[in-house]
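Colleague: dropping a prediction and its sequence here:
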Amino acid sequence: VVYEVVKEWHDENGNPVEPAPTKEIEFGLYRAISGEQPDYNKPLYTFVMDGVADPAETKLTSKIAGEDTDDAISVTVQEKEAWKAAVEGLPEYDENGMLYQYFLLELKGVDGYFPTYETVKIEDGGYRTTVYNAPGDGNYIIVQKYWTDDSDIMHRENVTLEVRSRNNGELIRTVTLENG
């Protein structure tokens, strides 16, 4: 599985701008069996993007004890263009044939900027997350649909969620999770 990461910088109105002056942005990649919740306190892998294309791939080592014990698994990351990276070699299934799901979070960023995420499944079964950074404090709401279907991804339909104000019930935003 390939996990693509695209980092974009925006102003307070959502318009693209030049990247903030920074040296490095650290990301955490998390994994869970389909239908289970990942442990957001323990990233499987961490890596850094710095806005400079890397000349070669870098091998990643798991941050969780007991992972990466199979010599056949080689997970790498490369920032192929400025603020565009790919993590490659991620296993798609566990040893019992259960589908893995992957999640990305920015761990260390730029003070005064807040990340928001848009993740899509790409045609080869991988992922593409675009991380938008804009000025502001922001608040996180992590939304994830857990399926109890033994990884039966062929029969999953889109799920639409609504975020509403606690005060008056007014609709703030609607989000559709495609392809289950």
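Modeller: Arrived safely, thanks for sending. These numbers were taken from a predicted model, which means no experiment stands behind them.
Colleague: where in this protein is pLDDT low?
Modeller: The chain contains residues with pLDDT under 70 at 65-72, 138-148, 150-151, 153, 179-180.
Colleague: checking Glu162 next. Helix, strand or coil?
Modeller: In three-state terms, and counting by DSSP: H, G, I helix; E, B strand; the rest coil, Glu162 is strand.
Colleague: what sits closest to His10 if chain neighbours are left out?
Modeller: Excluding the flanking residues, the one nearest His10 by CB to CB, 6 or more residues apart in numbering is Ala134, at 4.3 Å. All C-beta spots, glycine's among them, are computed from the backbone N, C-alpha and C.
Colleague: did I read that right, the one you found in a strand?
Modeller: Yes: counting by three-state DSSP, Ala134 is found in a strand.
Colleague: in contact with the spatially most central residue of the chain, which residues?
Modeller: For the chain, the residue nearest the mean C-alpha position is Leu104 (2.4 Å; CA atoms, centre = their mean). Going by CB atoms under 8 Å, 6 or more residues apart in numbering, Leu104 touches 3, 5, 27-30, 117, 119, 127, 129, 131.
Colleague: can you show me the strands along the protein?
Modeller: Under the criterion DSSP state E, strands of the chain are mapped to 3-9, 25-33, 45-49, 58-59, 76-81, 84-88, 100-108, 113-121, 127-135, 159-164, 171-177.
Colleague: can you list these in TSV and add distance to Asp39?
Modeller: Shown next, in TSV, are the strands of the chain (distance: least, CB to CB, whole Å):
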stretch	distance to Asp39
strand 3-9	18
strand 25-33	7
strand 45-49	13
strand 58-59	23
strand 76-81	21
strand 84-88	18
strand 100-108	11
strand 113-121	18
strand 127-135	19
strand 159-164	23
strand 171-177	21
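Colleague: so for Pro19, which of the ones you listed sits nearest?
Modeller: strand 3-9 (4.7 Å; CB to CB).
Colleague: the closest one packs against which elements?
Modeller: Under the contact criterion of 3 or more CB pairs under 8 Å, 6 or more residues apart in numbering; DSSP states H and E, strand 3-9 touches strand 25-33, strand 84-88, strand 100-108, strand 127-135.
Colleague: and Arg166, how far from Asp137?
Modeller: As judged by CB to CB, to the nearest Å, Arg166 and Asp137 stand 18 Å apart.
Colleague: oh sorry, the question was meant for Asp50
Modeller: For Asp50, the distance to Asp137 - CB to CB - is 24 Å.
Colleague: quick one on the thing from earlier: out of the helices and strands packed on strand 3-9, nearest to Asp54?
Modeller: With CB to CB as the yardstick, what comes closest out of those is strand 84-88 (8.1 Å).
Colleague: pull the CA atoms of the closest one into CSV?
Modeller: Written as CSV, here are the backbone C-alpha positions of strand 84-88 (Å, rounded to 0.1, in the frame of the first residue of the first chain):
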residue,chain,number,x,y,z
LYS,A,84,4.6,15.9,-1.5
ALA,A,85,5.7,12.6,0.0
ALA,A,86,5.0,8.9,-0.4
VAL,A,87,5.2,6.2,2.2
GLU,A,88,5.6,2.9,0.4
